[in-house]
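> heads up, no residue letters with this:
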């Protein structure tokens, strides 16, 4: 049975792999100066629709630590939801660059202007780190998606308070599918910098960092090199992103595919009598009795998000590669797990 | 005309690319726990021939900063040749993890036991960083290669003084070809940790870190994750290294091919009347009159290593992908550059 | 009117000042190797009653960042109460050395074994920092004091889980006065390292770091020097601590004086009809109506700890220098503030 | 016999000690906001003669790491002479804040515009740290003193190249005595920031950091707090600097006294037949036969600066506290050491 652990269990999308094969020959300049990397940057910048710099990095933690380490001065911290990936699952990578994450409880995974005010209100003098920027994930780590209105309001408030906004877009394609929007909408919302995720959306590896705010662009290639984020054969990233952002909108389409799979899964779960939490992109969270979780775990792969005494919340992640058969299999498994007597495995 | 800038201008070796294609399908666990990564680790460990841990990282600067950042305590520094990559071309990546590089003038690019003593003699108390380890590159950044005897002597002396030895093996396959040796020989020389380079030897990206000294292994995956060096789709590295270290010795063979190309180039240069510096692996350094450098630069790609008032030293790098035709072309170019009247372009 | 902002508004205790004057003449070795520093270290070690190293540093933030920066490896974090000084009022000094503070809500300011378990339970793999140690303050930042039994239980549990325990003793003399204990009791509780505060207990500056666990002692003077914490004229700290720990128990006595002043203040507040929160050492927290806070603020100096819509919690700190007259003045002020009509100022 | 190890073996100058005693009473705000600290800042700023910020820190390493850590962005390095204190005797404190020191061989201890050019010429792209500023010591670690003309030329060139200049003034009073100049001259030379040393010129501890370039002032108190450099009882520094910079020019006078003692010592050595190296401030370097060094070492304290096979260079440091008798004693000792038979001890 297919695993639903995450959206990076598959290899590359076939079209991306094909591009890697067809552009493998010949010589190219190193360190991201090759023709495919420059083509990818132009294509992404065209989607962004405004003056910006585009840099290709290999992974999300690397993108986050390189960007935040570059943007922050030593005494500055970054505001983030407690559930933010940088605060939970990156082994203190931001702190290792010298900075505190100013974490706020945000049950939905999304930050609000009021939450920024609350952090700012508590950080008033030189005995505390100075809040300098805001980290958001789109989609969030809890499966929710900021609307463009929410993003605009958050960015406007942040800017008013002298804060920049940085967006972790590991699942940005899926969020945009949920919003029926494109990169231009993200840029127009006011974010100062973001990355468009490749790893979770068809690439073998790679995240495209987009720097809009000129203040944040300064010497970015130095920061990349210093953090080990300037790949010698930059073409491996360039080829993938040039393909994902080619005229056929592959990157956007894969995001929609992932969401469609998640929606199908959510409908099936509801039909099984276990409706999932409201979700917007490609992550499905559903509460199951503990014995059903245990039975399902014997035949399917997924993460238990939080354990309760009687039931637990599990996370089921779909991707562009999740096909109908896989979902049907999983739903059958859920049925068996919920009513083991009625549905002998 | 083919470029001789470096050994990472080409894509992947066809066999590596084919492996990437054939193992693209299906789901795998993330973060280096996939089957191909584990296979690669087993194959490399078998070559090493002793108890060790193997971890796959994306690039050389990343490997260096992750390893040295993990091995050193805050007040410790690492001894290295002034020409060491970490001291010259990694944008202060080691310092960014908080440590000083204790650089020693080493004209050949190779460190000697006496040079370790000289650093140790100057670093005697708590007003100076404590030397804790030694960084060597094999082959060195200047094209030279430590013999196994030299390595044994250096490691024995380092260990006697309480220092570990870490080897940057970005061009280790080429060095081993020069030495007619294998990974087992490196491990037997006493190095505590090293990496076997993929990027410069047939892979799209990737370096295989081998940790032999148990003290240096502790929690290494934490360090990888914190430095952004734990790729979500670890399979992209696993597949490549499993292929490079498959039964046909591809990794070793590509090293030999690179050296053979360099040897052919060196012979040709000597025949042109411009014998290169003695070189041992795949880098060729040759002194040319400045006007010849300028003329050659118009039709070939290479780095000028050091400029003099009348002549300059240029670096010509061969790789597994450098074919005879490319070398002949270059040699023709050199001929034209040296005697422009006699050989009209 | 005397200020009750904190316990570092006064100069040195007269006996400490006199010692500074009488030992000012003559030459001494620098960097803490002078005779008075060595005498202070011997006297403190004698009080500790077991094998240990003693180092004198200038201030509390410096002691905390030097110790924690020395004890932690890059991927490790330290568990602390959310109210811990390192988490609230030291401008991210610990993060600036590269480490996350793993903060736990602890309403009393004191950590429990169960809270350690809760952090450990959430930090299970290499995607999160590894908890390596525990930070406690004695007395805590909220005015509470760990009993020796509580400390023993916490240390035993921490050690069982492989964690060391480090104690910020900025107000340790006051805590010991509350416990009717001495340094030996602290050491016997199992803490691996702590500092005995001088700045808040009679010195002009200075904290005496005591390293008990041999693992944590390694190369400590290197760490001090690297963090700028090795004063050239170390005698300025040595003289003060040699005097505080002289045979007349000055350090202990000043702690008792501070607590006695706080107790007198607490009694007076109760008599005024505004009983303070239960407090154990030299900090008094009392809730007053907001208009009374405002009136009192016009004639006395203190910090508002938390503001409510109708009343607020203020902090009144006593020290060895707070005399009866100052307390009586303040209580008169409280009386006037509470009943402005009845007691015209 | 008096030691000539350094200029921090004595306690405070009596007038400074007296000021500490007379301002010990009463309460003051903490963290450098007290009246004496503000008075000291005003007095120093008046000497500087232009718009600036003044901050008082406890020691030189602390001042250097706080300033350079604040001024540099992560990928930037600071140019310094190889003999610079930050490069030799501060245990990698600058690297611990994440930055490389770009060290240049400077036999005199003084940097020249041409040396800046040489570093800039070698650091041209993102594979190397970006040179951002220049560290100079006045007087230098080798006893030499930049003339005001040299400083002006260096600063002008640095500014032209986009570099700031930071001056370690641990022995600035002695340098100014040698130059017959005052702080105003230093500021007028163009340095962007410097500190005026107290520890080596009459204080118990303390260095006064002066920030002239507005770019470098930003949030400096945050950096101080984060590095543990904001003393709770800031008055201990304020009192000393207010006294040193009082109307009687104590700080300048003590610098002149130290130099006068060194000049007397130099003359005496010349008369003994061992003329010292040309020196300008309060450090005297003299070459002695090794047996004389050994004999002298039995009765006097000094550092051997560099050892040769037959003779060695020793350093003899004078301070405001070095009286004629001490110098005569030392010269007698030198005489005995040079001709042991003729002058029985």
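Arrived safely. Not measured: the values here are computed from a predicted model.

> quick one: the strands in the stretch 1-150 of chain A?
A:53-57, A:76-81, A:101-104, A:130-137 (DSSP state E, counting those that start in this stretch).

> packing partners for the last one?
This means strand A:130-137. helix A:60-71, strand A:76-81, helix A:113-122, helix A:148-160, strand A:164-168 (3 or more Cβ pairs under 8 Å, 6 or more residues apart in numbering or on different chains; DSSP states H and E). Where you see a C-beta, it was placed from the backbone N, CA and C, and this is true even at glycine.

> now swap in the shortest one and tell me
Contact analysis of strand A:101-104 by 3+ Cβ pairs under 8 Å, 6+ apart lists strand A:76-81, helix A:85-88, helix A:113-122 as its packing neighbours.

> what about the stretch 201-345 of chain A, any weak spots by pLDDT?
A:342-345 (pLDDT under 70).

> All the helices of it, in order from the start?
A:220-226, A:235-244, A:250-271, A:290-299, A:324-338 (DSSP state H, counting those that start in this stretch).

> Can you tell me how far residue A:249 is from residue B:165?
52 Å (Cβ to Cβ, to the nearest Å).

> ah, wrong one, I meant residue A:272
The gap separating residue A:272 from residue B:165 is 59 Å, by Cβ to Cβ.

> what's the answer for residue A:225, then?
In terms of Cβ to Cβ, residue A:225 sits 25 Å off from residue B:165.

> One more: residue A:75?
With Cβ to Cβ as the criterion, residue A:75 and residue B:165 are 38 Å apart.

> okay, those two: which has more neighbours?
More crowded of residue A:75 and residue B:165, by other Cβ atoms under 10 Å in any protein chain shown: residue A:75, with 29 against 26.

> shouldn't the more buried one be in contact with residue C:92?
Yes: look at residue A:75 against residue C:92 with Cβ atoms under 8 Å: they come within range, at 6.7 Å.

> Residue A:321 - nearest residue in space that isn't next to it in sequence?
Closest residue to residue A:321 apart from its sequence neighbours, by Cβ to Cβ, 6 or more residues apart in numbering or on different chains: residue A:10 at 4.2 Å.

> Report how many residues lie close to the closest residue to chain B within the stretch 201-345 of chain A.
Residue nearest to chain B within the stretch 201-345 of chain A: residue A:228 (3.2 Å; Cβ to the nearest Cβ). Other residues within reach of residue A:228, judged by other Cβ under 10 Å, total 28.

> any residue of stretch A:172-185 up close to chain B?
No: under the criterion of Cβ under 8 Å from any Cβ of the partner chain, stretch A:172-185 makes no contact with chain B; the nearest approach is 15.3 Å.

> And for that stretch, what's in contact with it?
With Cβ atoms under 8 Å, 6 or more residues apart in numbering or on different chains as the test, stretch A:172-185 has contacts from A:44, A:47-49, A:138-139, A:145-148, A:169, A:186, A:194-197, A:200-201, A:210, A:251-252, A:254-256, A:258-259, A:280-282.

> change it to 6 Å
Around stretch A:172-185, the neighbours that count as contacts under Cβ atoms under 6 Å, 6 or more residues apart in numbering or on different chains are A:47-49, A:138-139, A:145, A:148, A:196-197, A:201, A:251, A:255-256, A:258-259, A:280-282.

> Now do it: distance from first to last residue.
12 Å (Cα to Cα, to the nearest Å).

> now do stretch A:136-144
Span of stretch A:136-144 from end to end, Cα to Cα: 12 Å.

> same question, stretch A:118-137
20 Å.

> ok, and for it, which residues are buried?
Of the residues in stretch A:118-137, A:119-120, A:123, A:126-137 count as buried by neighbour count, 16 or more other Cβ atoms under 10 Å in any protein chain shown.

> ok, of those residues, which one's closest to chain D?
The closest of those, once distances to chain D are taken by Cβ to the nearest Cβ, is residue A:126, at 4.1 Å.

> Does the closest one touch residue D:219 like I think?
No: with contact defined as Cβ atoms under 6 Å, residue A:126 does not reach residue D:219; the gap is 7.3 Å.

> Would you quantify the distance from the most centrally placed residue in chain A to chain D?
Against the mean C-alpha coordinate of chain A, by Cα atoms, centre = their mean, the closest residue is residue A:170 at 2.1 Å. To chain D, residue A:170 is 23 Å away according to Cβ to the nearest Cβ, to the nearest Å.

> which non-adjacent residue is nearest that residue?
Residue A:170 sits nearest to residue A:197 (Cβ to Cβ, 6+ apart), 4.1 Å away.

> Using a markdown table, please lay out the helices and strands packed on strand A:101-104 together with mean pLDDT and distance to chain C.
A markdown table is the format used below for the helices and strands packed on strand A:101-104 (pLDDT from 0 to 100; distance: least, Cβ to the nearest Cβ, whole Å):
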| stretch | mean pLDDT | distance to chain C |
| --- | --- | --- |
| strand A:76-81 | 98 | 6 |
| helix A:85-88 | 97 | 7 |
| helix A:113-122 | 97 | 9 |
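
> and chain B, which of the ones you listed is closest to it?
When the helices and strands packed on strand A:101-104 are compared by Cβ to the nearest Cβ, helix A:85-88 sits nearest chain B, at 11.3 Å.

> Can the closest one be said to contact chain B?
No: Helix A:85-88 lies apart from chain B when judged by Cβ under 6 Å from any Cβ of the partner chain; the minimum separation is 11.3 Å.

> Now do the residue of the stretch 101-250 of chain A found nearest chain C against residue D:165, distance only.
Using Cβ to the nearest Cβ, the closest approach of the stretch 101-250 of chain A to chain C is made by residue A:129 at 4.0 Å. From residue A:129 over to residue D:165 the distance is 29 Å, taken as Cβ to Cβ.

> likewise residue A:174?
From residue A:174 to residue D:165 the distance is 51 Å (Cβ to Cβ).

> Same question for residue A:251.
49 Å.

> Please apply the same query to residue A:131.
Distance from residue A:131 to residue D:165, by Cβ to Cβ: 32 Å.

> swap in residue A:288?
66 Å.

> Residue A:279 too?
57 Å.

> Which residues are in contact with the residue nearest to residue A:173 when sequence neighbours are not counted?
Closest residue to residue A:173 apart from its sequence neighbours, by Cβ to Cβ, 6+ apart: residue A:255 at 3.0 Å. Shown in contact with residue A:255 (Cβ under 6 Å, 6+ apart): A:173-174, A:176-177, A:201.
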